[in-house]
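K.L.:
What would the 3D arrangement of this be:
(one chain, ligands or ions: 1)
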Amino acid sequence: MTPDERQSALETIAADVRGCTACRLHETRTLAVPGEGSAETEVVFVGEGPGLNEDRQGRPFVGAAGSFLTELLGTVGWGRSDVFITNVVKCRPPENRDPEPDEVAACAGHLRRQLAVIDPALVVTLGRHSLGSFLPGARIGQVHGTARPAATDLLPPESTVFAMYHPAAALHQGSLRQTLITDMGEVPRALLAARERAAAFSEGSTAAEPEAVAGPEAVARPGIAADVPAAMPAADAPSARAAASTSAPAPGADGEPAADQLTLFA
Ligand code: URA
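P.N.:
As a prediction, this is how the structure comes out:
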């Protein structure tokens, strides 16, 4: 797909999302929130669902949790336009309640299509509902800050998933703020490993076997290791799809949540 084709395909999906009536959430939404960012990126961040501000503006992560997400991206030298940001459900659950399983299922087709178009090396899950869609059965308290092979029909098997707490969690539990910053610091390294893994997959290498992927055993969580830059060099920015795909694999390697969303973390 050319960049223009990719952009146009994402716009078609966004139009479908805006007209979607597949679940009850369309009855109470103000605006659907398809997602936004670079169509060329290698990294997609997936939250849970729009909150009050997102529902009013039709854009993801524009409230307080969104400000923190933008800040987190900045800690590794990335901006919102370097990545793609979307949610598991595209319409606000009333009162910011958790999305119901049938709502997540009804919306999965939109997310699957977005991911098929962008074809990211790395999906970063934000919060336990997003985690549940990509790594069913994983517990966020155990897997946050680590990368694993995608275990979902939302992504091809060569894709890698990196788990994070939801940024809103830090707004309610201050101690998670540093955890989120530390975990975000691991994302550039996870991207390097994800690129390697995807390249190995396409070459049919055994290195692409899931057990070879950086998981909690393979990737310690020491914060930002000295040999991994906190900020990816420009050529390694997550939107450098062309550079990444033509070069050799890299070396080395809510309105804001209501009370019921305090359970964003396990
Ligand atoms: N929380 C989410 O999960 N998604 C948003 O877009 C905003 C807040």
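
K.L.:
and the residue nearest to the spatial centre of the chain, what pLDDT?
P.N.:
For the chain, the residue sitting closest to the mean C-alpha position, by CA atoms, centre = their mean, is Phe45 at 2.1 Å. In this prediction, Phe45 carries a pLDDT score of 98.

K.L.:
for Gly185, same thing?
P.N.:
pLDDT, read off for Gly185, is 98.

K.L.:
Low-confidence regions, the protein specifically.
P.N.:
205-237, 239-266 (pLDDT under 70).

K.L.:
coming back round to it: is any residue of whichever helix or strand the residue nearest to the centre of the chain is part of near the ligand?
P.N.:
Phe45 is part of strand 43-47 when elements are defined by DSSP states H and E. Yes. Judged by CB under 6 Å from any ligand atom, strand 43-47 and the ligand are in contact via Gly47. All C-beta atoms are positioned from the backbone trio N, CA, C, and that covers glycine.

K.L.:
If we go by neighbour counts, what in the helix or strand just after that strand is buried?
P.N.:
Note on strand 43-47: by DSSP H and E, the next helix or strand toward the C-terminus is helix 52-57. For helix 52-57, burial by neighbour count (16 or more other CB atoms under 10 Å) applies to Leu52, Asn53, Glu54, Asp55, Arg56.

K.L.:
now swap in stretch 151-169 and tell me
P.N.:
152, 154-155, 158-169.

K.L.:
Can you flag which of those residues belong to helices?
P.N.:
By the criterion of DSSP state H, membership of these in helices covers Pro167, Ala168, Ala169.

K.L.:
Now do the contacts for whichever residue of the chain sits closest to the ligand.
P.N.:
Closest to the ligand within the chain is Gly47: 2.9 Å, counting by CB to the nearest ligand atom. Gly47 makes contact with Pro60, Phe61, Ala65, Ile85, Thr86, Asn87, Val88, Leu126, Gly127, Ser130, His166, Asp254, according to CB atoms under 8 Å, 6 or more residues apart in numbering.

K.L.:
repeat that with 7 Å
P.N.:
Contacts for Gly47 (CB atoms under 7 Å, 6 or more residues apart in numbering) come out as Pro60, Phe61, Asn87, Leu126, Gly127, Ser130, His166.

K.L.:
filter the residues you listed down to the ones near the ligand?
P.N.:
Pro60, Phe61, Asn87.
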